[in-house]
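Q: structure for this input, please:
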Amino acid sequence: MARVSQRVCCVEPNILNPRQLYYLQTELAKMAGDIKAFYLSDLIKDFKDAGLDNIQFKRINYIYPVKNKSVLNLMINGEPILQKVPIVNLFSASLVVCGQRGSDY
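A: Have a look, this model is predicted:
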């Protein structure tokens, strides 16, 4: 992607999230084949190795969706708070990493 695009972004599962660790052990995950969650440091290294710079990241999806509308509204409003809480913010469900090609490409 880095070779053909000026800017690259990816959203990947966060291996530090306990739910991800549990899911990777289930029969459903085993039947699906090669499923992998990632450490943020590995994703950043992959972006650097691909020649991308100005790398930025964000942790998202702390609370999983529910059908109850009032609980969903509470979750939507609570997620930005969880993103700022030290230690808790390490356990997001997903990682977003973006980078761009430098001027030397």
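
Q: show me what contacts V8?
A: V8 is in contact with 1-2, 47, 50, 52, 98-100, counting by Cβ atoms under 8 Å, 6 or more residues apart in numbering. Quick note: C-beta positions are derived from backbone N, CA and C, even for glycine.

Q: again but with K36, I slipped
A: If you count contacts by Cβ under 8 Å, 6+ apart, then K36 has P13 around it.

Q: now the strands for this protein?
A: 7-13, 52-60, 94-101 (DSSP state E).

Q: and the closest residue to I63 other than its chain neighbours, how close does it get to L16?
A: Spatial nearest neighbour of I63, excluding adjacent residues (Cβ to Cβ, 6 or more residues apart in numbering): M75 at 4.2 Å. Distance, M75 to L16, by Cβ to Cβ, to the nearest Å: 20 Å.

Q: same question, V4
A: Distance from V4 to L16, counting by Cβ to Cβ: 31 Å.

Q: the lengthiest helix in the chain versus strand 52-60: what angle between them?
A: With secondary structure taken from DSSP state H, the chain has its longest helix at helix 69-84. Going by axes from the mean of the first three to the mean of the last three Cα atoms, to 10 degrees, helix 69-84 is angled at 140 degrees with respect to strand 52-60.

Q: need phi/psi at A37.
A: When quoted as degrees, to the nearest 10, the phi and psi of A37 stand at phi -100, psi 160.
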